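Any chance you can model this:
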Amino acid sequence: MKYKIFVDGQEGTTGLKIHERLASRDDLEILKIDPDKRKDINERRKLINQSDIVFLCLPDDAAKESVSLIENSKTRVIDASTAHRTAEGWTYGLPELKKEQRELIAKSNRVAVPGCHATGFILLVAPLVEKGILPSDYPVTCCSVSGYSGGGKKLISKFDDGLMKNPNVPKHYSLKLKHKHLPEMKKITGLKYNPVFTPLIGNYEQGIGLTVPLVTRLLNGKLTAMDIHEILSEHYRDQHFVKVMPYDCDELLDEGYFDIAACNNTNRLEIFVFGNEEQILLMSRFDNLGKGASGAAVQNMNIMLGLDESLGLKC
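Okay, the predicted model is just below:
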């Protein structure tokens, strides 16, 4: 039996990448909507209700509309939008979050794919809050540099068509500190307050490098950077896609420089810990189109269908 899969929003960046990852699968039947009917609510309703799993790669309001079109208890949803990441009744689709997360995803009919920046942040911070090492009221800051594909088709076109002013200079954005990933970054980690989050877009296509600096005197217990590395290494020891890299290893750098794009075209996320007895720098790098979006969506689908979660994904 082949599982029926429909991508609602198949022309967007994430939708296209999901199709790429599913194209060679012989265990799936991919339902496709006629391009002329992609905004036809009745055609969408028909395909959604024919599906075992529907991916939503849509703006938030359209994603909510798609969910409202479901008329049966069979169709399961994986939403890549922001609409349901902190909503009641939805499972947060980050299998590596905690021991029971995979089981929650496997049993769920409604799974929300994490935001790209949120993925890298949560995997660094959540274990430390859970273990009581990082106080929940710690004044967390986070900086994340992403390729321009994270901005979707409009931003991609702006860079590709030469319409971006001073394109070779990285650009801060979300300067009012109200980035759409903040609610999940706060809720899923267990922090009491939003982190001060400063994202940047660079003139390269894909890849995220995210940093969270910590001051050891504000942590619970006398812990060094090496201690934090050991704690994170143990937490993610058996994970397939999330790897904690060797501590403070110069061989992993390019003459002292950090290669943001090293995980591109994979579903891999790498965690690094640098620092000393007084200050710690936590870093994650991954593909914003992979573990940050479509790869994560496919990983969740595999889990929900009871398949090997790495099926069709590159580590």
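
Now the element after the helix or strand where Lys46 lies, going C-ward?
In this assignment (DSSP states H and E), Lys46 forms part of helix 41-50. Sequence order places strand 53-56 as the next helix or strand after helix 41-50, per DSSP H and E.

re the thing from before, quick check: which helices or strands does the helix holding Lys46 pack against?
Packing partners of helix 41-50 (3 or more C-beta pairs under 8 Å, 6 or more residues apart in numbering; DSSP states H and E): strand 3-8, helix 60-68. Backbone N, C-alpha and C define where each C-beta goes, glycine included.

Please name the residues that touch the residue sitting furthest away from the middle of the chain.
The outermost residue of the chain relative to its centre, with distances by C-alpha atoms, centre = their mean, is Lys222 at 31.5 Å. Lys222 makes contacts with Thr216, as judged by C-beta atoms under 8 Å, 6 or more residues apart in numbering.

Next: the one 4 residues further on.
Taking C-beta under 8 Å, 6+ apart as the definition of contact, the neighbours of Met226 are 247-248, 273.

ranges for the strands of the protein?
Counting by DSSP state E, the chain has these strands, from start to end: 3-8, 28-31, 53-56, 76-79, 91-92, 110-112, 141-147, 171-172, 196-202, 208-215, 242-244, 269-275, 279-286.

Just checking: what are the partner strands of the third one?
Pointing back at strand 53-56 there. Take DSSP bridges as the rule and strand 53-56 pairs in its sheet with strand 3-8 (parallel), strand 76-79 (parallel).

now the ones you listed as a markdown table including mean neighbour count and mean pLDDT?
Below are these laid out as a markdown table (neighbours: other C-beta atoms under 10 Å; pLDDT from 0 to 100):
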| stretch | mean neighbour count | mean pLDDT |
| --- | --- | --- |
| strand 3-8 | 23 | 97 |
| strand 76-79 | 24 | 98 |
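
can those go into TSV with extra columns for distance to Lys180?
Supplementary listing: the strands paired with strand 53-56 in TSV, determined by distance: least, C-beta to C-beta, whole Å:
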stretch	distance to Lys180
strand 3-8	20
strand 76-79	14
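
Those: which one's closest to Arg285?
Closest approach to Arg285 among the strands paired with strand 53-56 is made by strand 76-79 (24.2 Å; C-beta to C-beta).

For that closest one, report the contacting residues that lie outside it.
Under C-beta under 8 Å, 6+ apart, the answer for strand 76-79 is 52-56, 63, 66-67, 70, 90, 93, 108-113, 297, 300-301, 304.

what's the longest helix anywhere in the chain packed up against?
Longest helix in the chain by number of residues (criterion: DSSP state H): helix 116-130. In this structure, helix 116-130 packs against strand 141-147, helix 182-189, strand 196-202, strand 208-215, helix 225-235, strand 269-275, strand 279-286, with contacts taken as 3+ C-beta pairs under 8 Å, 6+ apart.

Thanks a lot, catch you later.
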